[in-house]
Each structure stands twice: as structure tokens, then as C-alpha cells.
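Peer 1: Here is my input; please provide its structure:
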Amino acid sequence: MMDPLLSVLVVAGVVLGGVVVLAPGWGLADRWRKARATRERILLEDALKHVYDCEYKRLSCSLQSVAGVLEFSVDRAATLVTRLERLGLLRSSAGAFTLTPEGRSYALRVIRVHRLWEHYLADETGLSETEWHAAAERQEHRLTSDQANALAARMGNPGFDPHGDPIPSVTGELPEPAGRPLADLPEGISGTISHIEDEPEAVYAQLVAIGLHPGMTLRVLESTGERMRIASDDDECVLAPVLARSVTVLPAEPEAARDVPRIPLSSIPQGERVVVTGIARSIRGQQRRRLMDMGIVPGTEIVPELVSIGGDPVAYRVRDTLVALRRKQAEHIHVRTVEEKGR
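Peer 2: From the prediction side, this is the model:
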């Protein structure tokens, strides 16, 4: 016959074990279900991001591309896509996918968090450039829309992430993609880097090591099927085609590339429209990145709208947004008047 005390201990152990496993809210079973649901939600969000990226870049999206991005089988990708269709977030036709309005809105919310967090990491932390993307990949599934909006407000509502990607607005608006791959720029033509693709990681790491960054002006010295030789700030480097295709540039206008007077934005009177031609080379690092995040890149129109009582700072209209700049900042932004644009 079992000792009474031992019997009590056995029963107590069984009860305690049941509580640990089955307790609602914090039991192991409930925690496992929540973890599984979180993993499934992350996969759904990653798939939506991929489909949106294809639509934005006007590329076709298929089961194979979804499986490739998420790194699992086509059969599993098919199950995921079916679930997205049932949720009303995705439509499929003839093997291709498009997002519904609800799916597009959802994808943009995730993308907004990702790019805002990359901007935060670039400006507020000492994290290496090659680590920004992976860290933002984790955070994009955690922050709520309210938290993302608060982060954006704290950083001055930036328009671009540190790679040159536009950050979706609160209402889910994005400008149309602009520029062309560096690999397609002919010999002898200059351009300004507007975007650097941060995937795959190995390719991005090489671009960072070379020293390429959004806002950099470069000139193609040689372009063949095997390599591209470019120059920037009196430095030369050679890129393989796969690297050159991960860099997007805004080609310089032939007339603008020669003998353009460097008019400082600070000298432009209130109400006059001008076009950005560049940012002084003396502005580097985070200062340069912040100006670009505001949308101040070559080709952008700017209008001085509001001048403070003391004359400094001045509020400039940049892409339908008012941006306050100190005179010392505006002195380093080169512009030309709209009338001079076509000369």
C-alpha cells in the first residue's frame, strides 16, 4: 500500500503539472499556441511584403518566388497563399498574385515599420550598416501602427530609409519608383545614387565595403559585360554586374552635368521654386542622410514658404511637406531655379 504522504505528493505533482501545461494565458500549451500563431503571422506578413514588392517594381509574383523568398517548399507556399486568399488579402489568377486593397494596406503597414526602424538604427544607434536590415526584419512584426507613428514623429517623419527606399506615409502613400540600375548607365554618363538594395546580404556587404551610399555622385568610366569601372570624388572602383544591378541611380541631365552654377538654397527668396542639383561634399554621414531622408535629393523641387521672425530657420516645401532648415544647412544644398531646368 502506497504511503499516504507519497500519494498526496503524486496527486499534487499531477495537478501542478496540469496547471503548468493547461493554465490559460501562461500555461505551456497556451504559450505554444501563441508562439505558433506568431510564427504563422510573420510568414503571412513576409509573403504580403514580397507580393507588394513585386507589384511596386512591376515584376510577376508566383508560388516559386514566394517559396524562394520565404525559403521553403512550393507546397508550403501554396498553403500560405491559399490562407491569404481566404483572409481576403490576396487574389490569384493564372498562377500570378495580386494584393487586394486590404492586403496592400497591410503590407504597407509592415513596410513602414521596417523602414522607420532602419532609419532609427542608422541615426540613433551604432549598429553596423550590414545589421540594419536583419534587425528591422524582427522589429517590423512587433511594433503596432501607433508605436510606429510615434517613432516617426520623434524622428521628424523621415521620407526615406538609409538605403534610399521611400517610407510609406501614415495613409499608405508611396512615390513611383524612379531611376535606373547603375549597370544600365552608359560610359561617360554621371548619376546620383538614389537607392542601394540591401538584399541579398552578401551583395549589400560588398557595396558597403566599397563605400557606395545614397546621395553619392559617380561617373561611369568603363562598362562591359564583365565589369563596370566608376569614379566618385577622384576615387575609382570596379564593380561586377551583380553589384551594379543592386544600385539605382538618377542619371544627370546632359546640360545639368556641365557648368551648373552652385546656387545655395539659403540665397533663394521666399516663394521662388528651385530644383536641387546636389548636396555639398562637406556634408557627410548622418547629416547628409538626414537631408536625404527629408526628400532633399537631386531633382526635387523646393519652395521657401515660411521665414521665422529672425530669418532663421526657414520652412521649405519639399514634396508636399514643410521642412525647417537652418541657414547653415541650406548653404550646403545646391539648387537651380525652375526656369534654368531646361537650359
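Peer 1: Local confidence estimate at Ser282?
Peer 2: For Ser282, the pLDDT comes out at 56.
Peer 1: no wait, Lys328
Peer 2: Per-residue pLDDT puts Lys328 at 83.
Peer 1: how many neighbours does it have?
Peer 2: 10 (other CB atoms under 10 Å). Heads up, the C-betas are built off the backbone N, CA and C, glycines and all.
Peer 1: Now name the helix or strand holding it.
Peer 2: Element membership of Lys328, judged by DSSP states H and E, is helix 327-330.
Peer 1: and if you look at Thr248?
Peer 2: Counting by DSSP H and E, Thr248 is part of strand 247-251.
Peer 1: Pull the residues that contact that strand.
Peer 2: 164, 178-182, 185, 189-197, 207, 212, 218, 239, 297-299 (CB atoms under 8 Å, 6 or more residues apart in numbering).
Peer 1: what about the residue lying closest to Thr300 once chain neighbours are set aside, distance to Ile263?
Peer 2: The shortest distance from Thr300 to any residue other than its chain neighbours is 4.8 Å, reached at Val276 (CB to CB, 6 or more residues apart in numbering). Plainly put, Val276 is 11 Å away from Ile263 if you go by CB to CB, to the nearest Å.
Peer 1: shared neighbours, those two?
Peer 2: Common neighbours of Val276 and Ile263, using CB under 8 Å, 6+ apart, are His334, Val335.
Peer 1: Those two: which has the busier surroundings?
Peer 2: Val276 (21 against 16).
Peer 1: Alpha carbons only: can I get whichever helix or strand that one is part of in CSV?
Peer 2: In this structure, Val276 is located in strand 274-279 according to DSSP H and E. In CSV, the C-alpha atoms belonging to strand 274-279 read as follows (Å, rounded to 0.1, in the frame of the first residue of the first chain):
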residue,chain,number,x,y,z
VAL,A,274,14.0,75.7,-57.3
VAL,A,275,15.4,72.3,-58.1
VAL,A,276,18.0,70.5,-56.0
THR,A,277,21.2,69.8,-58.0
GLY,A,278,23.2,68.3,-55.1
ILE,A,279,24.5,68.5,-51.6
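Peer 1: average pLDDT for it?
Peer 2: 86.
Peer 1: give me the beta-bridge partners of the nearest residue to Val274 once chain neighbours are set aside?
Peer 2: Counting by CB to CB, 6+ apart, the nearest residue to Val274 once its immediate chain neighbours are dropped is Val335, at 4.0 Å. Listed by DSSP bridges, the beta-bridge partners for Val335 are Ile263, Val276.
Peer 1: Look at Val335 and say how many residues are nearby.
Peer 2: Using other CB under 10 Å, the number of residues around Val335 comes to 28.
Peer 1: From Ile196, how far off is it?
Peer 2: 25 Å.
Peer 1: ok, now Val338?
Peer 2: 29 Å.
Peer 1: So between these two, which is more surrounded?
Peer 2: Ile196 (23 against 13).
Peer 1: so where does the nearest residue to that one once chain neighbours are set aside fall, helix or strand?
Peer 2: Closest residue in space to Ile196, ignoring its immediate chain neighbours: His163 at 5.2 Å, by CB to CB, 6+ apart. Counting by DSSP H and E, no helix or strand carries His163.
Peer 1: Wait, His163 touches Asp198, no?
Peer 2: Yes. His163 lies in contact with Asp198 (CB atoms under 8 Å); the separation is 5.2 Å.
Peer 1: Next secondary structure after the worst-scoring helix or strand of the chain on mean pLDDT?
Peer 2: Here the helix or strand of the chain ranked lowest by mean pLDDT, DSSP states H and E is helix 4-22, holding a mean of 61. Once helix 4-22 ends, the next helix or strand along the chain (criterion: DSSP H and E) is helix 28-56.
Peer 1: shouldn't Gly215 be in contact with Val276?
Peer 2: No. Between Gly215 and Val276 there is no contact under CB under 8 Å: 10.7 Å.
Peer 1: which residues are common contacts for these two?
Peer 2: Here Gly215 and Val276 have Val297 as joint contacts, going by CB under 8 Å, 6+ apart.
Peer 1: Sketch out the low-pLDDT regions of the chain for me.
Peer 2: Applying pLDDT under 70 to the chain flags the ranges 1-32, 233-234, 253-262, 281-286, 339-343.
Peer 1: what ranges do the strands span in it?
Peer 2: 90-93, 96-99, 180-181, 190-196, 217-223, 228-232, 235-239, 247-251, 263-264, 274-279, 301-307, 314-318, 321-325, 333-337 (DSSP state E).
Peer 1: Quick one: closest of those to Trp117.
Peer 2: Trp117 lies closest, by CB to CB, to one member of these: strand 190-196, at 17.4 Å.
Peer 1: CA atoms only: put that closest one into PDB for me.
Peer 2: Extracted in PDB, the C-alpha atoms of strand 190-196 (Å, rounded to 0.1, in the frame of the first residue of the first chain):
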ATOM      1  CA  SER A 190      27.100  60.700 -64.400                       C
ATOM      2  CA  GLY A 191      24.400  59.900 -62.000                       C
ATOM      3  CA  THR A 192      23.500  60.100 -58.300                       C
ATOM      4  CA  ILE A 193      22.800  57.000 -56.300                       C
ATOM      5  CA  SER A 194      19.200  57.100 -55.100                       C
ATOM      6  CA  HIS A 195      18.900  53.600 -53.700                       C
ATOM      7  CA  ILE A 196      21.000  50.600 -52.700                       C
END
